[in-house]
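Student: 3D, please:
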Amino acid sequence: MPKPSPDYFARLAALIAIDGERPTKPVLEAFSGAEMATIPVGTADDIELAVARARAAQVQWGAQSPQSRAKVLNRFSELVHDAAQELMDIAQAETGKARIYAQEEVIDVALTARYYAQQGPAMLADQHVQGMLPGATDVRVRYQPKGVVGVISPWNYPLTLAVSDAVAALIAGNAVVIKPDSNTPYCALALAELLYKAGLPRELFAVVPGPGSVVGQAIVATTDYLMFTGSSATGATLAAQAGKRLIGFSAELGGKNPMIITEGVNIDDAVAGAARACYSNSGQLCISIERIYVERSIADEFTSKFAEHVKNMTLAGTYDFNADMGSLASAQQIETVQAHVDDAVAKGARVLTGGRKRADLGPFFYEPTVLENVSDEMTCFADETFGPLVSIYPVDSVDEAIKRANDTEYGLNASVFAGSTAQAQKIAEQLRAGTVNINEGYAAAWGSTAAPMGGMGVSGVGRRHGQEGLLKYTEPQTIATQRVIGLDGIKGIPQGLFLKLTPTLLRSLKYLPGR
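Tutor: The predicted structure is shown next:
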């Protein structure tokens with residue numbers, strides 16, 4: 001399958017929410033490092049105009065019923081399925097990921113849009129709750145949209161993370177202004193095209209490419225809520241800026257995610273599962289596994305089989321399903337992985353397989369790598385690598401594995417392969433991570449769109465998916481109607497007598513159901 005054509009890029013570039021000519025920057029094909037298109041570089045003025053247009057359009061969109069908005073998202077979900085091949089092509093071209101992981105993104109976008117289209121209206125329906133005085137106080141909670149939601153999305157999953165958060169904001173009645181990563185802008189534009197085809201007015205999902213220092217900062221300064229996916233350091237900075245404006249903020253941030261493998265496990269299953277968990281998207285995934293703790297009694301067998309499995313993985317840059325792992329996304333990613341490996345080896349770690357750039361395949365290819373004898377003075381021991389690098393640590397007991405897995409400032413994702421489901425469940429409940437996958441690395445929790453997903457510690461604020469991922473984009477409003485009895489009494493009863501009876505009346509409420 002060929003990479004996307006020049007006509008395809010031109011078609012998408014016409015959708016950018018920028019008026020007039022702007023300087024451009026090249027967009028590279030990750031497999032080859034060659035320029036395949038250019039993209040205009042937006043300005044703060046472009047964001048201000050996009051937000052103003054979004055704010056005007058949001059009034060009518062927010063006034064529609066959730067059921068009406070859901071019809072647009074349902075159509076969008078179907079269009080994503082129809083355009084799957086084209087979307088996989090652009091995701092591979094911009095990121096270098098293997099096609100299996102580009103397909104993973106397409107499926108996630110379609111499923112998330114369908115989930116919120118089907119379940120969102122019920123979540124957003126007015127809720128009648130118990131009032132101050134049963135029978136006399138009617139209380140209704142309704143959910144108003146925030147207004148304009150700003151999304152700053154990363155390069156590693158540029159389809160999923162451009163739109164999966166946005167569809168929740170849209171079903172809630174908001175407009176969205178998004179700054180995609182400068183290396184992967186066309187993925188966001190490809191999905192914008194499908195949203196527009198589904199019936200969404202263009203002003204309600206505005207894509208403005210540009211540097212974070214300019215376009216990103218303008219989004220923080222002008223929108224009513226900020227959703228960010230990226231590093232913990234940048235997330236902390238953005239959270240502080242959002243806090244100064246008193247706007248809501250949600251973020252999925254970094255992780256140094258652990259896997260625990262206990263004796264009694266099917267080792268072959270654990271080997272295959274660990275390989276997926278560590279090297280999906282070339283390890284460039286916030287929820288991928290970078291630390292494996294395996295009970296000592298099975299450590300040698302697991303390590304030997306795992307290293308052999310990883311050694312035999314197919315590394316290639318092809319627009320088909322014939323590769324287990326593709327390239328990394330950029331020279332910066334290669335430099336980080338190589339620096340972590342070099343530092344570890346210099347301090348006594350052993351490379352079991354991998355550990356080399358593969359310039360013969362392309363400029364950003366790096367072999368999937370397994371290390372042992374990693375100690376705490378090495379950079380890769382505690383710092384997120386965000387690449388195809390994992391360290392194996394034998395442990396003397398499950399309790400030690402749990403303790404070491406939790407010994408981190410991160411808390412995004414974890415994985416457990418155990419001798420029984422009951423044991424795995426018990427281990428999972430003791431792990432400080434927003435998601436824990438049993439017999440899987442990450443996909444089981446990630447693909448469960450009805451369940452909240454996010455991080456503990458420095459791995460994030462708030463959640464995506466599920467009800468939590470939708471209602472964060474709303475302002476709950478309480479409307480309370482008082483009938484018959486007011487705080488100033490009941491008609492026909494002297495106020496003094498009413499005030500004397502009030503304590504007895506309030507005390508009697510405890511005998512009513514639900515009080």
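Student: Dihedrals phi and psi, the residue nearest to Gly457 when sequence neighbours are not counted?
Tutor: Take Gly457 and drop its neighbours on the chain: the residue closest to it by C-beta to C-beta, 6 or more residues apart in numbering is Gly411, 4.0 Å away. All C-beta atoms are positioned from the backbone trio N, CA, C, and that covers glycine. Dihedral pair for Gly411: phi -170, psi 50, per degrees, to the nearest 10.
Student: Could you report the neighbour count for Gly411?
Tutor: As a burial measure, the neighbour count of Gly411 was computed by other C-beta atoms under 10 Å and equals 23.
Student: how close does it get to Lys472?
Tutor: When distances are taken as C-beta to C-beta, to the nearest Å, Gly411 and Lys472 turn out to be 19 Å apart.
Student: cool, Ser164 as well?
Tutor: Look at Ser164 and Lys472: by C-beta to C-beta, they are 14 Å apart.
Student: Looking at the two, which is more packed in?
Tutor: Neighbours of Ser164 and Lys472, each counted by other C-beta under 10 Å, are more numerous for Ser164; the result is 27 against 22.
Student: after the helix or strand hosting the more buried one, next one along is what?
Tutor: Assigned by DSSP states H and E, Ser164 falls within helix 160-171. Beyond helix 160-171 on the C-terminal side, the first helix or strand identified by DSSP H and E is strand 175-179.
Student: Check the model's average confidence along that next one for me.
Tutor: For strand 175-179, the mean pLDDT works out to 98.
Student: angle of it against helix 160-171?
Tutor: With axes from the mean of the first three to the mean of the last three C-alpha atoms, to 10 degrees applied, the angle from strand 175-179 to helix 160-171 works out at 160 degrees.
Student: Just the CA atoms from strand 175-179 would do, formatted as CSV, please.
Tutor: Written as CSV, here are the backbone C-alpha positions of strand 175-179 (Å, rounded to 0.1, in the frame of the first residue of the first chain):
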residue,chain,number,x,y,z
ALA,A,175,-16.9,23.3,20.7
VAL,A,176,-13.3,22.1,20.4
VAL,A,177,-10.2,23.9,19.3
ILE,A,178,-7.2,21.5,18.9
LYS,A,179,-3.5,21.9,18.5
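Student: ranges for the helices of the stretch 201-350 of the chain?
Tutor: For the stretch 201-350 of the chain, applying DSSP state H, counting those that start in this stretch gives helices covering 217-222, 232-245, 267-279, 296-311, 331-346.
Student: CSV for those, including mean neighbour count?
Tutor: Compiled in CSV, the helices of the stretch 201-350 of the chain are given as follows (neighbours: other C-beta atoms under 10 Å):
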stretch, mean neighbour count
helix 217-222, 21
helix 232-245, 16
helix 267-279, 21
helix 296-311, 17
helix 331-346, 18
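Student: Quickly note the distance from the residue nearest to Ala168 when sequence neighbours are not counted to Ala277.
Tutor: Beyond its immediate neighbours in the sequence, the residue positioned closest to Ala168 (C-beta to C-beta, 6+ apart) is Leu470, lying 4.7 Å away. Per C-beta to C-beta, Leu470 is found 28 Å from Ala277.
Student: same check, this time on Ala98
Tutor: If you measure Ala98 against Ala277 using C-beta to C-beta, the figure is 15 Å.
Student: Ala17 in helix, strand or coil?
Tutor: Of the three states, Ala17 takes coil under DSSP: H, G, I helix; E, B strand; the rest coil.
Student: What residues are bridge-paired with the residue nearest to it when sequence neighbours are not counted?
Tutor: Computed as C-beta to C-beta, 6+ apart, the closest residue to Ala17 that is not its neighbour in sequence is Ala206, at 3.8 Å. Under the criterion DSSP bridges, Ala206 forms beta bridges with Val177.
Student: what's the neighbour count on Ala206?
Tutor: By other C-beta under 10 Å, 25 other residues sit near Ala206.
Student: Isn't it up against Glu48?
Tutor: No - when contacts are counted by C-beta atoms under 8 Å, Ala206 is not listed as touching Glu48 (11.4 Å).
Student: What sits closest to Ala98 if chain neighbours are left out?
Tutor: Computed as C-beta to C-beta, 6+ apart, the closest residue to Ala98 that is not its neighbour in sequence is Gly326, at 4.2 Å.
Student: How confident was the prediction at that neighbour?
Tutor: Predicted confidence (pLDDT) for Gly326: 97.
Student: mind listing what it touches?
Tutor: Shown here is Gly326, whose contacts under the criterion C-beta atoms under 8 Å, 6 or more residues apart in numbering are 30-31, 92, 95-99, 101, 282, 315-317.
Student: can you tell me how far it sits from Gln130?
Tutor: According to C-beta to C-beta, Gly326 stands 55 Å off from Gln130.
Student: Could you do Gly150 as well?
Tutor: If you measure Gly150 against Gln130 using C-beta to C-beta, the figure is 36 Å.
Student: what about those two, which has more around it?
Tutor: For Gly150 versus Gln130, neighbours defined as other C-beta under 10 Å are more numerous around Gly150 (28 against 12).
Student: Please consider this matter closed, and thank you.
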